[in-house]
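here you go, sequence then predicted model.
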Amino acid sequence: MTSARAMTESVDMESNRQGQLFRLIADRMRIPHTIAKYVVEQSKRGSTVPFLARYRRDETGNLDETAIRQLLDMAEELSEVQRRREFMLKSLHDRGLLTPELRATFVKLVHLSQLEDAWEPFKEKRTSLAYRAREAGLEPLAHKLLHTIEPMNDLQDRLCFVEDGQKLFQALVVEEVQRCAELREIMLAECRKYGVITSSLVEFPRKKSAKDVSKQAFDNMKKQFSPYNNRRWYVHRISAHHVLALQRGEAKGVLQVKVLTQQRSESLFFAWSRKKFLGMQRRGDPATSRLLKQCLDAAFDHVIKATHSTVRRDLKKSAEKEAIAVFAHNLRHILLQCPLRDARVLAMDPGFAKGVKCVALNENGKVLTRFHCTVMDENKMKECICNCVQSYELNKIVIGNGTGSQRVASVVADAIEEKSLKVEYAIVSETGASVYSVSDVAKEEFPTLDPIFRGAVSIGRRVIDPLSELVKIPVRSMGIGMYQHDVSEQEMTRALNRVVESCVTTVGVNTMVANRYIMEKIPGVSKRMVDQIVLARHARKLVSREDLRRVPGMTESMYRQIAGFFRFPNSSNSLDNSNIHPESYPIVEKLVKVFNKERKEVGDMLLRMSEKELVELGGRVGCGKATLELVAKELVSPALDPRKELPAAAIFRRAPKNAADLKPGDRLSGVIESVTTFGVFVDAGLHDKFLVRGVDVDTVCVGGVLSDIYFEGLDELGRVTARYGGKVHAIGGGNGIQDVKQRLTLESEEVISTDELLLKGHGTLTSNLEVVRGERMQLFGVTESGEKGDQMFGKAAAASEGESGSFRKRHRARDEGVEAEAPAAKRILKEGDSPNCEQIISNTERKRSRSVMEVPIQKVANEPSSEKVIENAAEPVHDNRMQQTEGKLETRDTETSAESLGTSCKEEPLRTNPATDVLESNSSTKMEGGGDEEEEEVICF
């Protein structure tokens, strides 16, 4: 009986835990509880995300793949949070530390990083000084010092009887202060709102990574990162690519990156301490007061260091997620580029050492012939090209954009002109071709072909059918994002594999001709099953979806998951070449009987029906409205390739371009190679792709054509500089960035998704970035913790609420394109500060200036200058569009002149420009609030 009762209680607890999980997911994603439960349970039973998104729309509430993956990721994280929280609460309870307030603190946290931060001060570290202090019986003394005003004249004497007593006692007091959740929240909110990220070049190598390189290599790295010397950004305004650039420079040992806090943070800490700890009001005991001051000074250093570490960690994590989102967005559009129909291609892999490797391919990518030539003998090369084109009736020439590509393109153009060949050429990306040529996939596919020709085959095939060829290449080798080599490889691979799966299932697989590698990307099918499918195809036993069910080893559950993504164009049933799932075939037959029309006419009639009519019809034929909508689209346009209206993989030309022949103002057009948060990289047929800023990137995508690019010249590194002055040719457009917010999300508060987010799907990079960044419960910097911090400085609650409201209004005005007037700010000034500036100091400088006070602690608490409020001082205004410089407004992309900044940063403290939220100093160094500036040169890929 006892065992049965225990089992029943365990089941009930698990059921309650799952119910809480589903409710929390539903609340955060703003969806019904039943949908969250259905998606999670179906995923545990083996249902794949593409299957749920396409064939279970009625049950999932029309959630797309992005939303379903977000839901499942959230469920995975929250499950881990629940597990860790239970462990932490049990540990605290067993040690007698659990209070109702502490339990509430842990219960409200929803991110694993938040939970670990809250748990850090409570970890049992048997080697720590605080643990040793407890073992020595000093905990009651620490509690008395902090929470009572009783004199402790014998404290020093009692500490002398313990080895390292004062050191241990101070560590114990520091830990007690760190355990205050309210203090951590307030300090973190303060650092998010007013903290500053600084970077500077190091003079000499310090890290091992920098010491292992030669002096010349180190100097070259310093030159590369010189634009980041003496730069400053507000924590809440720094862009993702800046964070990643600083991270790379720091990892190379070239940059020193710090988080600086204003003196307000220290004053805030002690204002909170005076409110929290009664011991700060102790009188008549100077020695104890000095000891308490020393302990609180040490506690502040520990708290602010932990706060800075949290900010750096969250900035890094958020920036990496944004970089992954950019890479995934670009990868999706590269994979979905339109195949080049009926193209017979001469693919050329240029090079000097081993010459130019050439292969001829037919419409299906089969190798017709191969040859080798060199640009050192141009006449012979032209003859080889001419013979190959004419012999095999080729109509396209594809050149990889590697070393010598421009020289090869010039020879090809001359051959076309001299021989009057009816052929066009294009220079395309060969990224990943060399990796593929020596991979196991290439060896299996071309066991007898020389590896130097395998790369040329890959270059040609990625134009004929990009999706089928590019799935063979490791996605990290494709180089289409920003800082992809600086982010977590595991997270990057996971996200990119999801993109590949999504693209393959979106297009579908032609079972009769598809290679095994693209079949393996269908989620739910194993490699062993792919082998069986290929064997059945070779044995001519696979011509319909019903034949797929009879493949050896195929289970009913696997068939249900994958059948809708395999196409059979030669099947006697036309539905086998559509997105309609076999389980919906009876519904189609019922619809044909109900309307007594042909299938296409039935589809037209369904598309014209209202939502109410579709619901009623669904009840008659036994399906939901979403299923009818899918059936209608497929009946109207059966076997439609979604890539048909998207850009092709290249722009073909008949004449080359050379940057040396261009003049400033010449107009160019090119293919967008990569889209980032700070601009687009364009291939205009010159020696290299180049960055174009100022593009209205809301309508651009990888593979789109960008015209009206005006050549300006070459910079000191030989890179093309150009400006954009026109509109985007929306070839497959509507898939770009849209006003990316100039801040990163820190996992310091609960993230709640919006309905708009769930509806965007794969449409724009903005939607992907919003998935990464989320929407906060309140605007950045206007948090409950921040308002508590303001109240510590004597601000009335009404005034604090009014300031928060005006802050929201300024954001709303900015979003609506209305310039908002910067309100007067309230901040803390110490004695000797100028009323028009606020100092930002590092911990080292703070320690140097801090001295042990010889007066009782109550004098410090009552010192009026430490809480002096200046009503009209300039507060940062969160508007990054305009910059005030010597009385005139400039756009944020305008470079700040050295004259407007002054002479020396050390002579006068930093100031905040009220019009821009940009840090200024008397230095010729440019200081920014995180916008994508024109002067930015360190763009590393």
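Arrived safely.

what are the boundaries of the strands in the stretch 401-550 of the chain?
424-428, 509-510 (DSSP state E, counting those that start in this stretch).

point out the most buried one among those strands.
strand 424-428 (a mean of 23; mean count of other C-beta atoms under 10 Å). (Each C-beta comes from the backbone N, C-alpha and C, glycine too.)

same for that strand, what does it pack against?
The contact analysis (3 or more C-beta pairs under 8 Å, 6 or more residues apart in numbering; DSSP states H and E) places strand 424-428 against strand 396-400, helix 405-419, helix 451-464.

quick check: closest non-adjacent residue to the residue nearest in space to the middle of the chain.
For the chain, the residue sitting closest to the mean C-alpha position, by C-alpha atoms, centre = their mean, is residue 322 at 1.6 Å. Spatial nearest neighbour of residue 322, excluding adjacent residues (C-beta to C-beta, 6 or more residues apart in numbering): residue 240 at 4.0 Å.

before we move on, back to that, lowest mean pLDDT across the helices and strands packed on strand 424-428, which one is that?
Of all those, the minimum mean pLDDT falls on helix 405-419 (a mean of 88).

how about it: buried residues?
Using 16 or more other C-beta atoms under 10 Å as the test for burial, helix 405-419 gives 405-409, 411-416, 419.

three-state assignment of residue 709?
Under DSSP: H, G, I helix; E, B strand; the rest coil, the three-state class of residue 709 is strand.

for residue 65, which of the strands of the stretch 401-550 of the chain is the nearest?
strand 509-510 (17.2 Å; C-beta to C-beta).

ok, that closest one: who's next to it in the sheet?
Strand 509-510 has its sheet partners listed here by DSSP bridges as strand 566-567 (parallel).

next SSE after the partner strand?
Per DSSP states H and E, the first helix or strand lying C-terminal to strand 566-567 is helix 585-595.

show me what that following helix is packed up against.
Helix 585-595 is packed against helix 599-608, helix 611-621, helix 625-636, with contacts defined by 3+ C-beta pairs under 8 Å, 6+ apart.

try it again at 6 Å.
On a contact count with 3 or more C-beta pairs under 6 Å, 6 or more residues apart in numbering; DSSP states H and E, helix 585-595 meets helix 599-608.

report the angle between the helix it packs on and helix 611-621.
Angle between the axes of helix 599-608 and helix 611-621 is 130 degrees (criterion: axes from the mean of the first three to the mean of the last three C-alpha atoms, to 10 degrees).

helices of the stretch 351-500 of the chain, residue ranges please.
Listed in chain order, the helices of the stretch 351-500 of the chain (DSSP state H, counting those that start in this stretch) span 378-391, 405-419, 433-437, 440-445, 451-464, 466-470, 489-507.

how about those, which one is nearest residue 160?
Among the helices of the stretch 351-500 of the chain, helix 489-507 comes nearest to residue 160, with 52.6 Å by C-beta to C-beta.

quick check: buried residues in the closest one?
Within helix 489-507, the residues that count as buried by 16+ other C-beta under 10 Å are 492, 495-496, 498-507.

residue 423: which of those is nearest?
Of all these, residue 423 sits closest to residue 507, with 28.3 Å by C-beta to C-beta.

follow-up on the earlier one: report pLDDT for the residue nearest to residue 322.
88.

wait, is the residue nearest to the centre of the chain part of a helix?
Yes - counting by three-state DSSP, residue 322 is part of a helix.

hang on, it packs against residue 241?
No - assessed by C-beta atoms under 6 Å, residue 322 is found out of contact with residue 241, at 8.4 Å.

per-domain residue ranges of this protein.
Using automatic domain parsing, the domain parsing of the chain gives 2-122, 131-333, 346-546, 659-729, 802-920.

what's the local residue count around residue 693?
Counted by other C-beta atoms under 10 Å, the residues lying close to residue 693 total 17.

name the nearest residue to it, ignoring sequence neighbours.
Closest residue to residue 693 apart from its sequence neighbours, by C-beta to C-beta, 6+ apart: residue 679 at 4.3 Å.

how near is that neighbour to residue 46?
43 Å (C-beta to C-beta, to the nearest Å).

who has more neighbours, these two?
Taking other C-beta under 10 Å, residue 679 and residue 46 do not tie; residue 679 has more neighbours (21 against 12).

pLDDT (mean, whole number) over stretch 44-55?
On average, the pLDDT along stretch 44-55 is 94.

out of the domains of the chain, which comes closest to residue 619?
Closest to residue 619 of those is domain 2-122 (C-beta to C-beta; 11.9 Å).

what's around residue 208, how many residues?
Close neighbours of residue 208, defined as other C-beta under 10 Å, add up to 8.

least confident of the strands of the stretch 401-550 of the chain, on average?
What stands lowest among these, in mean pLDDT terms, is strand 424-428, with a mean of 86.

who are the packing partners of the helix or strand harbouring residue 76?
Following DSSP H and E, one finds residue 76 within helix 65-94. Judged by 3+ C-beta pairs under 6 Å, 6+ apart, helix 65-94 is in contact with helix 2-29, helix 33-44, helix 49-55, helix 112-119.

so which elements touch the last one?
Same thing as helix 112-119. Counting contacts by 3+ C-beta pairs under 6 Å, 6+ apart, helix 112-119 is packed against helix 65-94.

what about the helix it packs on, distance to the chain center?
21 Å (C-alpha atoms, centre = their mean, to the nearest Å).

next SSE after that helix?
Toward the C-terminus, helix 65-94 is succeeded by helix 100-107 as the next helix or strand (DSSP H and E).

buried stuff in that following helix?
Neighbour-count burial for helix 100-107 flags 102, 105-106 (criterion: 16+ other C-beta under 10 Å).

likewise stretch 283-296?
Buried-residue list, stretch 283-296, by 16+ other C-beta under 10 Å: 285-286, 288-296.

can you check stretch 702-717 too?
Within stretch 702-717, the residues that count as buried by 16+ other C-beta under 10 Å are 702-706, 709, 711.

any idea of the mean pLDDT for it?
Stretch 702-717 comes out at a mean pLDDT of 73.

that stretch: how far from the chain's middle?
Here the centre of stretch 702-717 is set off from its chain's centre by 26 Å, with C-alpha atoms, centre = their mean.

just the CA atoms of it, as PDB, please.
Output of stretch 702-717 as PDB, limited to C-alpha atoms (Å, rounded to 0.1, in the frame of the first residue of the first chain):
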ATOM      1  CA  VAL A 702      21.000  36.800 -50.500                       C
ATOM      2  CA  GLY A 703      20.900  36.400 -54.300                       C
ATOM      3  CA  GLY A 704      18.900  39.500 -54.900                       C
ATOM      4  CA  VAL A 705      20.100  42.200 -57.400                       C
ATOM      5  CA  LEU A 706      21.200  45.600 -56.100                       C
ATOM      6  CA  SER A 707      21.500  48.300 -58.700                       C
ATOM      7  CA  ASP A 708      22.300  52.000 -58.400                       C
ATOM      8  CA  ILE A 709      25.600  51.400 -56.600                       C
ATOM      9  CA  TYR A 710      28.000  54.200 -57.200                       C
ATOM     10  CA  PHE A 711      31.700  53.500 -57.200                       C
ATOM     11  CA  GLU A 712      33.800  55.900 -55.000                       C
ATOM     12  CA  GLY A 713      37.300  54.400 -55.100                       C
ATOM     13  CA  LEU A 714      39.600  52.100 -53.300                       C
ATOM     14  CA  ASP A 715      40.600  52.500 -49.600                       C
ATOM     15  CA  GLU A 716      44.100  52.100 -48.200                       C
ATOM     16  CA  LEU A 717      43.700  48.300 -48.100                       C
END
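
start at 254, not 1
New numbering, starting at 254: the last item is stretch 955-970.

ends of stretch 837-857, what's the gap?
Taking C-alpha to C-alpha, to the nearest Å, the first and last residues of stretch 837-857 lie 18 Å apart.

so for it, what's the average pLDDT?
The average of the pLDDT scores along stretch 837-857 is 91.

so what's the residue count around residue 711?
Counted with other C-beta under 10 Å, the neighbours of residue 711 add up to 27.
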